[in-house]
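Chemist: After the sequence you'll find the predicted model.
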Amino acid sequence: MRRLVILGAGTAGTTVANKLRRRLARDEWRITVIDRDRDHLYQPGLLFIPFGRDQAADVLRPRRSLLRKGIQFIIGEISAVDPEQKAVRLSDGGVVCYDYLVIATGTSSRPDQTPGMLGPEWHRSIHDFYTYDGAFALREALRDFPGGRLVVHVVEQPIKCPVAPLEFTFLAEDYFRREAIRDQVEIVYVTPLDGAFTKPIASRYLGRLLDERKIAVETDFLVERIDAERKTLVSYDDREIGYDLLVTVPLNMGADFIGESGLGDELNYVPVDKHTLQSTAYPDVFAIGDANDLPTSKAGSVAHFSSEILVDNFCQYVEGRAMTHRFDGHANCFVETGDGKALLIDFNYDTEPLPGHFPLGFGPLSLLRETKANHWGKVAFRWIYWHLLLPGRRLPVPARMSMTGKHRPDEEVRP
């Protein structure tokens, strides 16, 4: 019996486990998935919780219920991986041996890495929304916010879902207008980048939306510490930005055991071949989703598209054949902009987000343009996520990015 162990039962791990259970013979393969807790979190839903739109029941489901029959599920904290002995060690002393390993433990917020972020003001005047507890604490803070300066802040890239801080900013501006206190709130978006987003054309579109909504932007801001007592962000070049309410995206890092096991880089991400997702150090190890160092967005769409490539390549690899499928870095993301609208971006390693229509070049979704259809596309994705994506069913969107329907804008970009 050949042994496949998958670490992590989030989006990537669950999808790959279910896809491979369909492809690998049950009498020849044992598939084991390990995660530290019982509940699967629908992370896109965290964005809406601070504004009162989602409840706990909308974003949590038991992990076991999402895995196909024939998949063993172990709840346990991973303490180390021994890639030479092909063994996963658990904090309770248990050992799970493997022939092949897929690492899908994602990335997580590390507020402990920024001086002054954690402390008495954490979840009081300093908040996050990338965690379940943080999103609900921020809901209460927004309800009680009388006005003042709201600062939305990103410590450093890469982060999980890089457009989410912008989405939160737009939704906050919409929320304050609906609460009739917009003229009492100053909104400042603080980023380590030189623009609103990492890709130039999309950054120009998003920058103009920020301007239209009178949201100030502070770029190239590398935070050195937070002075929680003075309610001030302090950068390495001694710039200071005060706040009344701070919504921050802490440094994101992979799981500690990855670095401690010698499998990761300085941020605990697994170096992989960007086309095959195979570890560059250990051929029988693959990493998918936010756990690897792919030079593209850490987003659910990347987990989705790359899972199709990984599954095909894995089946070839274990049969002793060359891996012929290549992941192109395909990612797409809905960007909520408030007023029941969103825009959509679609890109890969070589092509930045461009205007046009998606999918297949004729819609119904518009690229780099605010529409209500894009908003409803994001809302509808929740059902797709639970019922199609996680079960490992093939979606009618190709894994490789298509240029059909896209065009390069003129020098003067008009949204």
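Modeler: It's in.
Chemist: Contacts for stretch 342-352, please.
Modeler: If you take CB atoms under 8 Å, 6 or more residues apart in numbering as the criterion, stretch 342-352 is touched by 163, 199-202, 205, 274, 295-296, 328-337, 353-354, 358, 365-371, 374-375, 377-378, 400-401, 403, 406. In short, each C-beta sits where N, CA and C put it, glycine included.
Chemist: So which bits of the longest helix along the chain are buried?
Modeler: Using DSSP state H, we find that the single longest helix of the chain is helix 300-318. Neighbour-count burial for helix 300-318, counted by 16 or more other CB atoms under 10 Å, picks out 300-315, 317-318.
Chemist: Domains of the protein: list them as residue ranges, please.
Modeler: Under automatic domain parsing, the residue ranges defining each domain of the chain are 2-106+255-318, 111-252, 332-415.
Chemist: Nearest to Thr324 among those domains would be which one?
Modeler: domain 2-106+255-318 (6.6 Å; CB to CB).
Chemist: What mean pLDDT does the closest one get?
Modeler: For domain 2-106+255-318, mean pLDDT is 96.
Chemist: cool, and stretch 381-389?
Modeler: Taken as a whole, stretch 381-389 carries a mean pLDDT of 95.
Chemist: For it, measure first residue to last.
Modeler: Separation of the first and last residues of stretch 381-389 by CA to CA, to the nearest Å is 9 Å.
Chemist: For it, which outside residues touch it?
Modeler: Taking CB under 8 Å, 6+ apart as the rule, stretch 381-389 contacts 11, 15, 42, 44-45, 58, 61, 66, 300, 304, 334, 395.
Chemist: Any chance of JSON lines for these, columns secondary structure?
Modeler: Putting the contacts of stretch 381-389 into JSON lines (DSSP: H, G, I helix; E, B strand; the rest coil) gives the following:
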{"residue": "Thr11", "secondary structure": "helix"}
{"residue": "Thr15", "secondary structure": "helix"}
{"residue": "Tyr42", "secondary structure": "coil"}
{"residue": "Pro44", "secondary structure": "helix"}
{"residue": "Gly45", "secondary structure": "helix"}
{"residue": "Asp58", "secondary structure": "helix"}
{"residue": "Arg61", "secondary structure": "strand"}
{"residue": "Leu66", "secondary structure": "helix"}
{"residue": "Gly300", "secondary structure": "helix"}
{"residue": "His304", "secondary structure": "helix"}
{"residue": "Phe334", "secondary structure": "strand"}
{"residue": "Leu395", "secondary structure": "coil"}
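Chemist: Greatest separation within those: which pair is it?
Modeler: Spanning the widest gap among the contacts of stretch 381-389 are Leu66 and Phe334, at 22.4 Å by CB to CB.
Chemist: Among the contacts of stretch 342-352, name the ones in helices.
Modeler: 200-202, 205, 374-375, 377-378.
Chemist: Among the residues you listed, which one is most surrounded by other residues?
Modeler: Within these, most neighbours by other CB atoms under 10 Å means Ala202, with 26 neighbours.
Chemist: So His153 sits against Leu245, correct?
Modeler: No - with contact defined as CB atoms under 8 Å, His153 does not reach Leu245; the gap is 11.0 Å.
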